[in-house]
Every structure is written in C-alpha cells, then in structure tokens.
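Enquirer: how would this look folded up:
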Amino acid sequence: MIYNLSRGFSAISHIIYGTLALIHPYYIEEFTRYGFSKQRVLIATLQLTAGLGMLLGFYESKATLPSAAVLALMMTGALGTRIFIQDDLVSSLPAFAYMFINSFIFMKSIKARK
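Expert: Modelled structure (predicted):
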C-alpha cells in the first residue's frame, strides 16, 4: 500500500512540477537561481516524462523501474544543487524527501522483478 501511494504521489508531484517548470515564471526564475536556465526545458521534460512513466507503471509495471531511477537521480542532483547554492535546510528538504521516495520506489521495483 505504501509503495503504491508513494508511486502515485511521486508521479503526480513530478508531472505538476515538470509542467510548472516549463510555463510558470516563478519556476523559470528558480532555474536561473539554480544555474540551470539553459537546461530548464530538458530537466522539466525529463521530470514530466518520468512522472508520466510512473503513472504508466500502474498499468505496465516495467515502466516503474526506469522512471523511479531517473527521478531518484534527478532528485539527488537537485539536493546537490541546493547544497551547492547554499539553500537552507527547509528549502532543501523537498529534494531530499523526493530523493528518498523515488529511491524507495526504485528499490521496491527491483525486488518486485525477482
């Protein structure tokens, strides 16, 4: 149950964030602050696509593993970026939480394949 709730939460969150990062001025500015303005569209598209892949995983379980892997790696990078730009702990917690959630999904997906 926790596994499926995590997958749904992660999928919806990343679809929303990926979409906002493509179109919303606040998130466009945030990518500039992170130092990734030129990579914003690529990063947002990957996040949106992996979120959709996570949703697809409810119907085609093979989609969950690569989607969770991509999102876990992206969130590890996001946490590293937050540390590098010296964001405070509260600002960095979402990246850590999503890194943890997607790593959990990835590990459970590996176990489910065995």
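Enquirer: What ranges does the protein have for its helices?
Expert: Assigned by DSSP state H, the chain shows helices spanning 2-23, 25-34, 40-56, 64-84, 89-113.
Enquirer: Redo those helices as TSV? Include mean neighbour count.
Expert: Quick note: C-beta positions are derived from backbone N, CA and C, even for glycine. Formatted as TSV, these follow (neighbours: other Cβ atoms under 10 Å):
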stretch	mean neighbour count
helix 2-23	17
helix 25-34	13
helix 40-56	18
helix 64-84	19
helix 89-113	16
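Enquirer: Name the nearest residue to residue 98, ignoring sequence neighbours.
Expert: Excluding the flanking residues, the one nearest residue 98 by Cβ to Cβ, 6 or more residues apart in numbering is residue 75, at 4.3 Å.
Enquirer: give the contact list for that neighbour.
Expert: 95-96, 98-99, 102 (Cβ atoms under 8 Å, 6 or more residues apart in numbering).
Enquirer: ditto for residue 81
Expert: 34-36, 95.
Enquirer: Could you rerun that using 7 Å?
Expert: Applying Cβ atoms under 7 Å, 6 or more residues apart in numbering to residue 81 gives the contacts residue 34.
Enquirer: From residue 18, how far off is residue 100?
Expert: Distance, residue 100 to residue 18, using Cβ to Cβ, to the nearest Å: 19 Å.
Enquirer: now residue 54
Expert: 11 Å.
Enquirer: what's the answer for residue 90, then?
Expert: 23 Å.
Enquirer: and the residue nearest in space to the middle of the chain, what is it in contact with?
Expert: Closest residue to the average C-alpha location of the chain: residue 71 at 4.0 Å, with Cα atoms, centre = their mean. Contacts for residue 71 (Cβ under 7 Å, 6+ apart) come out as 10, 14, 50, 102.
Enquirer: Same list, the residues you listed, but as JSON lines with distance to residue 40 and pLDDT please.
Expert: Output for those, formatted as JSON lines (distance: Cβ to Cβ, whole Å; pLDDT from 0 to 100):
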{"residue": "10", "distance to residue 40": "21", "pLDDT": "97"}
{"residue": "14", "distance to residue 40": "15", "pLDDT": "98"}
{"residue": "50", "distance to residue 40": "16", "pLDDT": "97"}
{"residue": "102", "distance to residue 40": "20", "pLDDT": "98"}
